[in-house]
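Enquirer: Provide a 3D model corresponding to the input given below.
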Amino acid sequence: MESIAPDAEPARLLIRSAQIVDGTSSPAFEGDVLVESGRIAAVSRGPLERDAAAAAPDLPARLRAAEEIDARGLLLTPGFVDVHTHYDGQATWDEMLAPSCWHGVTTIVMGNCGVGFAPVVPGREQTLIEQMEGVEDIPGTALAEGIEWRWETFPEYLDALGERRFMLDVGTQVPHAALRAYVMGERAGEAEPTDAELARMAAIVREGIRAGALGVSTSRILAHRTSRGAEVPGTFAGERELEALARVLGELGTGVFEVVPRGMDGEVSATSHAEIDWMGRVAKAIGRPLTFSLVQTHTEIDRFRLLLGRAQQLQAEGAPIFPQVANRSTGILIGLQSDEHTFSTRATYRKLAQLPLAERVARLRDPATKARILAEPIGPYGHPQSAMVHQGFENLFVLGDRFEMEPSDEDRVAVRAQREGRDPSELVYDLFLENEGRAFLMFPFTNYFRGSLDDVHAMLMHPASVWGLGDGGAHCGVACDAGGPTLMLTHWVRDRTRGPRIPLERAVAMLTSEPAALYGLGDRGRIATGLRADLNLIDHAKLEALMPEMIFDLPAKGRRLMQRARGYRRTIVAGETTIMDDAATGARPGRLLRGAR
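Expert: Here you go, the predicted structure:
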């Protein structure tokens with residue numbers, strides 16, 4: 001753990017000769033930026049001393065007093081704004097909020113997907129832990145040990161967060177599942193609240209928004225279940241209930257309604273097909289932004305185009321509805337450190353599963369053990385879709401030595417096994433043993449059904465969409481998608497060879513001003529005089545997302561996948577440097593965000 005520096009006055013910084021990408025999609029330019037008191041004090045094209053717009057009698061003295069940073073050859077961007085994370089529990093014990101802090105993120109929004117930890121009935125905390133563990137794959141033991149429950153109401157939860165210091169700014173939303181559990185108790189999973197219960201839920205949303213929540217969130221997909229296997233409260237909520245919660249946002253004139261709609265898990269039904277209609281009606285009725293998760297699913301691989309087009313039509317009709325899209329496939333990482341994998345249900349492997357990794361690897365390398373495991377039948381998995389993932393060799397990819405965001409057909413396990421004349425399961429067995437048992441294979445669960453990211457490019461570049469779905473803090477044992485900002489600037493801007501790239505200026509706007517505007521955070525997301533000094537100084541030529549690794553640093557020795565980056569010369573939050581040459585400085589300038597600004 002890095003040492004934590006005491007609170008200090010923000011430094012005065014003079015960033016010289018940077019290639020400035022200001023977050024507006026305007027062409028990059030070379031110039032200087034002066035940072036004072038946590039704000040951007042001046043921006044110039046060329047040297048500040050020669051910019052008439054920045055001229056002031058005391059400017060020379062101010063420049064001499066600043067720490068001068070030579071940024072020749074480096075990109076200067078606004079800090080990245082990730083509006084879809086799940087640090088709701090982690091933020092109560094951890095100040096770094098990794099992996100997001102390693103990827104240039106300076107503002108996060110949590111409380112997504114309808115799950116969170118307030119409000120809570122005292123003595124019923126385990127209910128909310130089970131919701132979060134089941135939906136977001138965050139170890140329940142880590143949450144139980146790590147969270148110090150010092151609140152009941154949502155404003156009290158905000159107060160607890162407000163006492164803390166972070167590497168980046170933190171905003172949150174009122175979660176529908178927790179809200180239902182608090183108001184309806186054992187009936188929270190039922191379809192309809194009474195009028196009195198609905199009125200109470202709306203009052204709690206109102207109280208939360210007034211206290212500083214950035215919105216309200218809900219989840220409706222059938223795949224979102226608690227760790228006990230029950231549907232998350234709110235999954236079957238009717239339009240009457242959803243509109244009652246959303247109308248609070250319209251009444252107060254602030255806040256976002258975040259929705260995970262039916263069908264995102266591949267469900268094909270009349271209900272899932274009608275989701276866009278009720279979301280459009282609600283967005284138009286409340287006049288506040290509604291953002292919904294949009295991915296390409298295995299059942300209807302072109303439906304995302306219909307939804308993008310319908311959202312664009314609704315926007316033209318005055319409904320502020322915004323599909324939220326990822327910049328990658330949702331890649332499930334599979335290896336010997338995963339709970340479930342190709343061999344985890346086979347009898348011989350199950351006898352070895354609890355051994356320390358090094359001992360397990362040694363036993364698995366024994367030819368007789370290998371032969372027994374490969375010959376054994378596959379047992380039942382714990383999730384209905386697990387067999388598709390862990391036995392789906394046609395869609396299972398070898399990652400290689402570098403993190404490859406867009407693997408080719410040649411990297412498919414089935415293709416390689418055929419090329420080498422081997423059984424796919426035997427190949428997987430050997431691949432799992434590489435890097436002393438720390439190797440991973442990747443199963444793209446969404447957004448990769450034509451063997452390329454061309455469809456993701458279409459989603460990102462669509463005029464109706466906004467980037468998000470980074471899921472920082474979530475899916476600890478199977479995925480690590482919070483490196484999206486780094487991958488945007490590497491794969492999409494610099495490296496892609498199998499299809500169109502994204503212009504640098506457009507990509508930076510996707511990461512900064514656009515998500516900030518969605519949540520009403522007008523004081524950040526652009527490099528402009530007077531705005532908050534959240535900045536990234538990046539060596540773009542050397543920028544790289546490193547290979548994910550499994551670490552065991554959560555409370556109760558819980559595990560999580562971690563992906564770091566290389567190439568961030570500085571990340572600056574409110575004028576203080578939090579990252580210097582890819583290492584944390586110990587500064588904690590981040591605070592709780594209370595409301596839009």
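
Enquirer: and the helix or strand containing I40, which residues are buried?
Expert: Per DSSP states H and E, I40 falls inside strand 39-45. Along strand 39-45, these residues count as buried under the neighbour rule (16 or more other C-beta atoms under 10 Å): 39-44. All C-beta spots, glycine's among them, are computed from the backbone N, C-alpha and C.

Enquirer: Stretch 183-192 now?
Expert: The neighbour-count criterion (16+ other C-beta under 10 Å) identifies 183-184, 188-189 as the buried residues of stretch 183-192.

Enquirer: what do you get for stretch 80-89?
Expert: Under the neighbour-count rule (16+ other C-beta under 10 Å), stretch 80-89 has 80-89 buried.

Enquirer: Find the pair from the buried residues of strand 39-45 with maximum spatial separation.
Expert: The largest distance within the buried residues of strand 39-45, taken as C-beta to C-beta, falls between R39 and S44 and amounts to 15.7 Å.

Enquirer: Could you export the buried residues of stretch 80-89 as CSV, including pLDDT and secondary structure?
Expert: CSV is the format used below for those (pLDDT from 0 to 100; DSSP: H, G, I helix; E, B strand; the rest coil):
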residue, pLDDT, secondary structure
F80, 99, strand
V81, 98, strand
D82, 98, strand
V83, 98, coil
H84, 98, coil
T85, 98, strand
H86, 98, coil
Y87, 98, coil
D88, 98, coil
G89, 98, coil
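
Enquirer: Export the residues you listed as CSV, with columns for distance to G335.
Expert: As requested, those are arranged in CSV below (distance: C-beta to C-beta, whole Å):
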residue, distance to G335
F80, 28
V81, 32
D82, 26
V83, 30
H84, 25
T85, 24
H86, 22
Y87, 25
D88, 27
G89, 25
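
Enquirer: Considering those residues, which is situated nearest to R494?
Expert: Distances from R494 to those, taken as C-beta to C-beta, are shortest for F80 (16.4 Å).

Enquirer: Would you enumerate the residues in contact with the closest one?
Expert: With contacts defined as C-beta atoms under 8 Å, 6 or more residues apart in numbering, the neighbours of F80 are 103-107, 485, 511-512, 536.

Enquirer: Just the ones of those in helices?
Expert: Using DSSP state H, 485, 511 are the members of the contacts of F80 that sit in helices.

Enquirer: Next, format the contacts of F80 as a markdown table and append pLDDT, neighbour count and distance to M459.
Expert: Formatted as a markdown table, the contacts of F80 follow (pLDDT from 0 to 100; neighbours: other C-beta atoms under 10 Å; distance: C-beta to C-beta, whole Å):
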| residue | pLDDT | neighbour count | distance to M459 |
| --- | --- | --- | --- |
| H103 | 98 | 28 | 20 |
| G104 | 98 | 31 | 22 |
| V105 | 98 | 31 | 21 |
| T106 | 99 | 30 | 24 |
| T107 | 98 | 27 | 23 |
| P485 | 98 | 30 | 17 |
| L511 | 98 | 28 | 15 |
| T512 | 99 | 30 | 18 |
| N536 | 99 | 28 | 24 |
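
Enquirer: Let's have the contacts of F80 in TSV, adding distance to E148.
Expert: Shown next, in TSV, are these (distance: C-beta to C-beta, whole Å):
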residue	distance to E148
H103	28
G104	30
V105	25
T106	26
T107	25
P485	31
L511	33
T512	34
N536	33
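
Enquirer: With respect to L521, which of the contacts of F80 is nearest?
Expert: Closest approach between the contacts of F80 and L521, by C-beta to C-beta: T107, at 6.7 Å.

Enquirer: Tell me which other helices or strands the strand holding I40 touches.
Expert: strand 29-36 (3 or more C-beta pairs under 8 Å, 6 or more residues apart in numbering; DSSP states H and E).

Enquirer: which parts of the strand it packs on are buried?
Expert: Burial within strand 29-36, assessed by neighbour count using 16+ other C-beta under 10 Å, is assigned to 30-36.

Enquirer: quick one, domains of this protein?
Expert: With domains defined by automatic domain parsing, the chain comprises 80-329+448-551, 338-446.

Enquirer: Quick one: distance of the longest one to the chain centre.
Expert: Per C-alpha atoms, centre = their mean, to the nearest Å, the displacement of domain 80-329+448-551 from the mean C-alpha position of its chain is 8 Å.

Enquirer: for that domain, how far is the first residue from the last?
Expert: Domain 80-329+448-551 has an end-to-end distance of 25 Å (C-alpha to C-alpha, to the nearest Å).

Enquirer: likewise stretch 528-547?
Expert: The first and last residues of stretch 528-547 sit 35 Å apart, counting by C-alpha to C-alpha.

Enquirer: And stretch 145-164, by the same measure?
Expert: According to C-alpha to C-alpha, stretch 145-164 extends 18 Å from its N-terminal end residue to its C-terminal end residue.

Enquirer: which outside residues touch it?
Expert: Here stretch 145-164 has contacts from 89-95, 117-122, 125, 129, 170, 172, 174, 204, 207-208, 211-213, 554-556, 591-592, 594, using C-beta under 8 Å, 6+ apart.

Enquirer: Quick one: the helices in the stretch 101-250 of the chain, in order.
Expert: 125-136, 140-146, 154-162, 176-184, 195-211, 239-252 (DSSP state H, counting those that start in this stretch).

Enquirer: Minimum distance to R72: which of those helices has it?
Expert: When those are compared by C-beta to C-beta, helix 154-162 sits nearest R72, at 39.4 Å.

Enquirer: Of all the residues in the closest one, which ones are buried?
Expert: By neighbour count, and taking 16+ other C-beta under 10 Å as the criterion, the buried residues in helix 154-162 are 154-155, 157-158, 160-161.

Enquirer: what's the angle from that helix to helix 176-184?
Expert: Following axes from the mean of the first three to the mean of the last three C-alpha atoms, to 10 degrees, one obtains 130 degrees for the angle between helix 154-162 and helix 176-184.

Enquirer: okay, helix 154-162 in CSV with CA atoms only?
Expert: Output in CSV follows, covering the C-alpha atoms of helix 154-162 (Å, rounded to 0.1, in the frame of the first residue of the first chain):
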residue,chain,number,x,y,z
PHE,A,154,-29.0,7.3,2.0
PRO,A,155,-27.9,10.7,3.2
GLU,A,156,-26.1,9.0,6.1
TYR,A,157,-24.3,6.9,3.6
LEU,A,158,-23.2,10.0,1.7
ASP,A,159,-22.1,11.5,5.0
ALA,A,160,-19.9,8.5,5.6
LEU,A,161,-18.4,8.8,2.2
GLY,A,162,-18.0,12.5,2.7
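
Enquirer: the inter-axis angle of that helix versus helix 195-211?
Expert: Here helix 154-162 runs at 30 degrees with respect to helix 195-211, directions being taken by the same axes, to 10 degrees.
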